[in-house]
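Novice: Here is my input, please return the structure:
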Amino acid sequence: MTNAVEKIFWSIAFPGFGQILNGKLIKGLIFIFLEFLINVNSNLNEVIIFSFTGDIGQAIAKTNYEWIMFYPCVYSFAIWDAFRDAGGGKSSYSFLPIVFCAYLGTLGVTYSTFFEIFGIRLGPILLGLIGMISGVLLGWIIQTIITFRKN
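Specialist: Numbering: from 1, shown residues only. Modelled structure (predicted):
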């Protein structure tokens with residue numbers, strides 16, 4: 001399991017690295033290519049800088065939503081795939097946290113242009129991250145409930 005957790009952290013750092021460490025070179029290169037393609041076309045790095053420096057209006061203006069909406073799903077799946085290939089995720093419904101992470105992360109990005117929390121717009125990066133973290137927690141709760149009821 002330690003090996004699988006290590007692959008999660010490498011995939012969080014950069015999608016595709018976990019797959020390469022698992023010996024899945026082609027799959028890893030595909031994830032790296034997708035990361036690069038989506039990143040460049042969505043202006044992701046620039047949007048991250050604007051978001052983390054508090055210029056949310058500029059972050060929203062620079063975001064190419066047609067591309068950035070792919071990012072939470074590709075990112076989440078790369079993490080899950082590296083974890084599964086390393087021997088993790090063999091229990092029933094262990095995929096639910098990552099599936100909900102992808103869903104809610106994409107919803108966060110989608111609604112980031114007008115959604116506010118306490119009167120503050122968070123933009124596509126911060127609201128997307130909140131969605132992804134909330135999705136992992138929700139998926140884990142649902143997975144726990146289903147597993148508890150089955151046992």
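Novice: Is there a neighbour count for S76? I'd like the number.
Specialist: When neighbours are defined as other CB atoms under 10 Å, S76 has 25 of them. C-beta: built from backbone N, CA, C; applies to glycine.
Novice: wouldn't it be in contact with F100 here?
Specialist: No. In this structure S76 lies outside contact range of F100 using CB atoms under 8 Å: 9.1 Å.
Novice: Direction included, what does the lowest-mean-pLDDT helix or strand in the chain pair up with?
Specialist: The least trusted helix or strand in the chain, going by mean pLDDT, DSSP states H and E, turns out to be strand 116-117, with a mean of 80. Sheet pairing for strand 116-117, assigned by DSSP bridges, gives strand 120-121 (antiparallel).
Novice: after the strand it pairs with, next one along is what?
Specialist: helix 123-150 (DSSP states H and E).
Novice: For that next one, the averaged confidence score.
Specialist: Helix 123-150 carries an average pLDDT of 94.
Novice: Next, the contact list for the residue nearest to I125 when sequence neighbours are not counted, please.
Specialist: In space, and not counting its chain neighbours, I125 is closest to S51: 3.9 Å by CB to CB, 6 or more residues apart in numbering. S51 is in contact with A59, G123, P124, I125, L126, counting by CB atoms under 8 Å, 6 or more residues apart in numbering.
Novice: Specify the local secondary structure of S51.
Specialist: Look at S51: counting by DSSP: H, G, I helix; E, B strand; the rest coil, its state is helix.
Novice: what's the spacing between the residue lying closest to P15 once chain neighbours are set aside and K24?
Specialist: Leaving out its chain neighbours, the residue that sits closest to P15 by CB to CB, 6+ apart is A78, at 3.5 Å. Separation of A78 from K24 (CB to CB, to the nearest Å): 11 Å.
Novice: out of those two, which sits in the busier spot?
Specialist: Per other CB under 10 Å, whichever of A78 and K24 has more neighbours is A78, with 27 against 17.
Novice: Need the phi and psi values for that one.
Specialist: phi -60, psi -40 (degrees, to the nearest 10).
Novice: Isn't it up against A13?
Specialist: No. Using CB under 8 Å, A78 is not in contact with A13; the gap is 10.8 Å.
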